[in-house]
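A.B. asks: my questions are about this predicted structure, shown below with the sequence.
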Amino acid sequence: MKKTLIASVLALGVAFSAQAKDIVDTAVAAGSFKTLAAALTAAGLVDTLKGKGPFTVFAPTDEAFAKIPKADLEALLKDKAKLTAVLTYHVVPGKVMAADVKAGKVKTVQGSELTVTTMGGVKVDNANVVKTDIMADNGVIHVIDSVVTPK
């Protein structure tokens, strides 16, 4: 009886840990955010986005990063301060689900404001939101098709 109970508790713990993923783990598991993951590592932001949150992340795909000229992207990845500013501009404190999105200005973790528009689809600055409400245990990810930069 005791061994069965322990085995059940361990199995439940393994099942829960397999399902519970923070924003970073969720993005990595999706497979289309390799550049974002590398950028978060270069900026030293992985631990922050693995933290308690909640966070809303507008996550650019690898294709979004590919729109940046290669030399510019390499320079950005080497400039930790600028990279941190760009990445934190993609993060909003709190958990904002797609159903709760409203047009207007939204303050980012970076300190500047993103402009959200909802005419003809949702846009964040000049980026289209292409997928919404990817749940993580410390927030939510909305996928965007371009990298946005603070003004």
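C.D. replies: Nice, thanks for sending it over.
A.B. asks: wait, Leu49 touches Val57, no?
C.D. replies: Yes: if you go by C-beta atoms under 8 Å, Leu49 and Val57 touch, sitting 7.1 Å apart. C-beta: built from backbone N, CA, C; applies to glycine.
A.B. asks: more crowded one of those two?
C.D. replies: Comparing Leu49 with Val57 by other C-beta atoms under 10 Å, the one with more neighbours is Val57, at 27 against 23.
A.B. asks: need the three-state assignment for the more buried one.
C.D. replies: strand (DSSP: H, G, I helix; E, B strand; the rest coil).
A.B. asks: for the strand or helix carrying Leu83, which positions count as buried?
C.D. replies: Secondary-structure assignment from DSSP states H and E places Leu83 in helix 80-88. By neighbour count on 16 or more other C-beta atoms under 10 Å, the buried set for helix 80-88 is 83-88.
A.B. asks: please apply the same query to stretch 27-41.
C.D. replies: 27-28, 30, 33, 35-37, 39-40.
A.B. asks: before we move on, what about stretch 53-65?
C.D. replies: 53-61, 64-65.
A.B. asks: model confidence over whatever helix or strand Thr35 lives in, on average?
C.D. replies: Under the criterion of DSSP H and E, Thr35 resides in helix 34-43. Computed over helix 34-43, the mean pLDDT rounds to 95.
A.B. asks: which other helices and strands does that helix contact?
C.D. replies: Using 3 or more C-beta pairs under 8 Å, 6 or more residues apart in numbering; DSSP states H and E, the elements in contact with helix 34-43 are helix 23-30, strand 55-60, helix 62-66, helix 70-78, helix 80-88.
A.B. asks: quick one: contacts of it?
C.D. replies: Applying C-beta atoms under 8 Å, 6 or more residues apart in numbering, the contact partners of helix 34-43 are 24, 27-28, 46, 49, 59-62, 65-66, 73, 76-78, 80, 83-84, 87.
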